[in-house]
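K.L.:
okay, sequence plus prediction incoming.
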Amino acid sequence: MTVQFDRIALIGIGLIGSSIAHDIKRLGLAKEVVIATRSADTLKRAEELQLGDRYTTSSAEAVKDADLVIVSVPVGASESVAKEIAGSLKPGAIVTDVGSTKASVIAQMQPHMPPHVHFIPGHPLAGTEKSGPDAGFPGLFEGRWCIFTPIAGTDEAALKRLRQFWEALGSKVDEMDPEHHDKVLAIVSHLPHIIAYNIVGTADDLEAVTESEVIKYSASGFRDFTRLAASDPTMWRDVCLHNKDAILEMLARFSEDLAYLQRAIRWGEGDKIFDLFTRTRSIRRSIIQAGQDVDAPDFGRPHPLEKNA
Ligand SMILES: NC(=O)C1=CN([C@@H]2O[C@H](COP(=O)(O)OP(=O)(O)OC[C@H]3O[C@@H](n4cnc5c(N)ncnc54)[C@H](O)[C@@H]3O)[C@@H](O)[C@H]2O)C=CC1
Ligand SMILES: O=C(O)C(=O)Cc1ccc(O)cc1
């Protein structure tokens, strides 16, 4: 693989930042990688893992002379990072992010971006329930989508360079309007996590009644929920607060549909229950037919390249 950038700055070095760092190194995509994160302990760990070439707790310091800046922090920290780096960005630099919500990240970052940089919001649809620099691994983005939500008038050459970067990591790149992205992700990613947090919380509340039965007899259905519900609380709190409207809209529909199912169960309406379950069963089949990898992490199993998979 050829070097694509002289200097890449990674702001935030958790699961996503460190996975990107592994791939940049593995594929030789940059001459130099500078890593910045807020906490000195996390930075020390990134250095021990040899994820980059230079390390600093100052995001402003890290972005100096960087051609590509990738912000991989919880979405609620986007504005503070944008403010911190704004004055140090190199003219012509590409600034991107990996946040799970897009309209809010744009609202937080865009006003601070100087006119001489190319700000291109992005979101790789790949991850796990783990967090921190030890959680990252090479190949996380292989075969997965990365969605860009570009701002109107974005320089085509900058878009192409960023697309080539993600493609080098093995991703398939798509473009979407940020509001549309947020609605789609609300139903396919944010609601499943919220439902998982909720059901595991309910089971935990019941535990006082059932003593240790919840854990002892937890079959695979419940175990799948516990994986999602083990995801990073800061990251997911921020997703909930920063995609509020789309999540509330999807939760309202979900509650209505749950009430329908609840009523069908109450009145013994087996046909209604059977019809719904038959329709949903075919969804997984159509995902497989569409060539999507149901064994990928988003479908509940460890990624084959993940440590301790
Ligand atoms: N975890 C996942 O599966 C996925 C996460 N994302 C998005 O990627 C972003 C990062 O998530 P993860 O890597 O999973 O989180 P993480 O919790 O593993 O890492 C977050 C990193 O950001 C740093 N950080 C927090 N606030 C900061 C600040 N103000 N300045 C500098 N560094 C700061 C933390 O020290 C840590 O290094 C989030 O926006 C998340 O929505 C996107 C796709 C998948
Ligand atoms: O671990 C899982 O199942 C995920 O769904 C990972 C994930 C979390 C957040 C994202 O924005 C994208 C992917």
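P.N.:
Sure thing, it's come through. Ligands and ions are numbered 1, 2, ... in the order given.

K.L.:
ok, now which ones touch the closest residue to residue 189 other than its chain neighbours?
P.N.:
Sequence neighbours aside, residue 100 is the residue nearest to residue 189 in space, at 6.9 Å (criterion: CB to CB, 6 or more residues apart in numbering). (C-beta placed from N, C-alpha, C; glycine too.) Applying CB atoms under 8 Å, 6 or more residues apart in numbering to residue 100 gives the contacts 75, 123, 185, 189, 190, 235, 239, 243.

K.L.:
can you go through these and name the buried ones?
P.N.:
75, 123, 185, 189, 190, 235, 239, 243 (16 or more other CB atoms under 10 Å).

K.L.:
JSON lines for these, including pLDDT?
P.N.:
Output for these, formatted as JSON lines (pLDDT from 0 to 100):
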{"residue": "75", "pLDDT": "98"}
{"residue": "123", "pLDDT": "98"}
{"residue": "185", "pLDDT": "98"}
{"residue": "189", "pLDDT": "98"}
{"residue": "190", "pLDDT": "98"}
{"residue": "235", "pLDDT": "98"}
{"residue": "239", "pLDDT": "98"}
{"residue": "243", "pLDDT": "98"}
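
K.L.:
out of those residues, which are close to ligand 1?
P.N.:
Contacts with ligand 1 within these, counted by CB under 6 Å from any ligand atom: 75, 235, 239.

K.L.:
Provide the secondary structure category for residue 31.
P.N.:
strand (DSSP: H, G, I helix; E, B strand; the rest coil).

K.L.:
that one: neighbour count?
P.N.:
Residue 31 has 13 neighbouring residues, counting by other CB atoms under 10 Å.

K.L.:
what sits closest to it if chain neighbours are left out?
P.N.:
Nearest residue to residue 31, sequence neighbours excluded (CB to CB, 6+ apart): residue 6, at 5.0 Å.

K.L.:
before we move on, back to that, which among the contacts of residue 100 gets closest to ligand 2?
P.N.:
Lowest distance from ligand 2 to the contacts of residue 100 (CB to the nearest ligand atom) belongs to residue 189, with 5.2 Å.

K.L.:
for the closest one, phi and psi?
P.N.:
phi -130, psi -50 (degrees, to the nearest 10).

K.L.:
tabulate the buried ones among the contacts of residue 100 (TSV), appending distance to ligand 2.
P.N.:
Putting these into TSV (distance: CB to the nearest ligand atom, whole Å) gives the following:
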residue	distance to ligand 2
75	9
123	6
185	7
189	5
190	8
235	8
239	7
243	10
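
K.L.:
mind giving me the domain ranges of the protein?
P.N.:
The record assigns the chain these domain ranges, following automatic domain parsing: 5-176, 180-266.

K.L.:
residue 246: what secondary structure?
P.N.:
Assigned with three-state DSSP, residue 246 falls in the helix class.

K.L.:
now the most centrally placed residue in the chain: how far from residue 274?
P.N.:
With distances taken as CA atoms, centre = their mean, residue 100 lies nearest the centre of the chain, 4.7 Å away. Using CB to CB, to the nearest Å, residue 100 is found at 35 Å from residue 274.

K.L.:
likewise for residue 142?
P.N.:
Distance, residue 142 to residue 274, by CB to CB: 38 Å.

K.L.:
so between these two, which is more surrounded?
P.N.:
residue 142 (16 against 11).

K.L.:
hang on, the more buried one packs against residue 167?
P.N.:
No - the criterion here is CB atoms under 8 Å, and residue 142 misses it with residue 167 at 11.0 Å.
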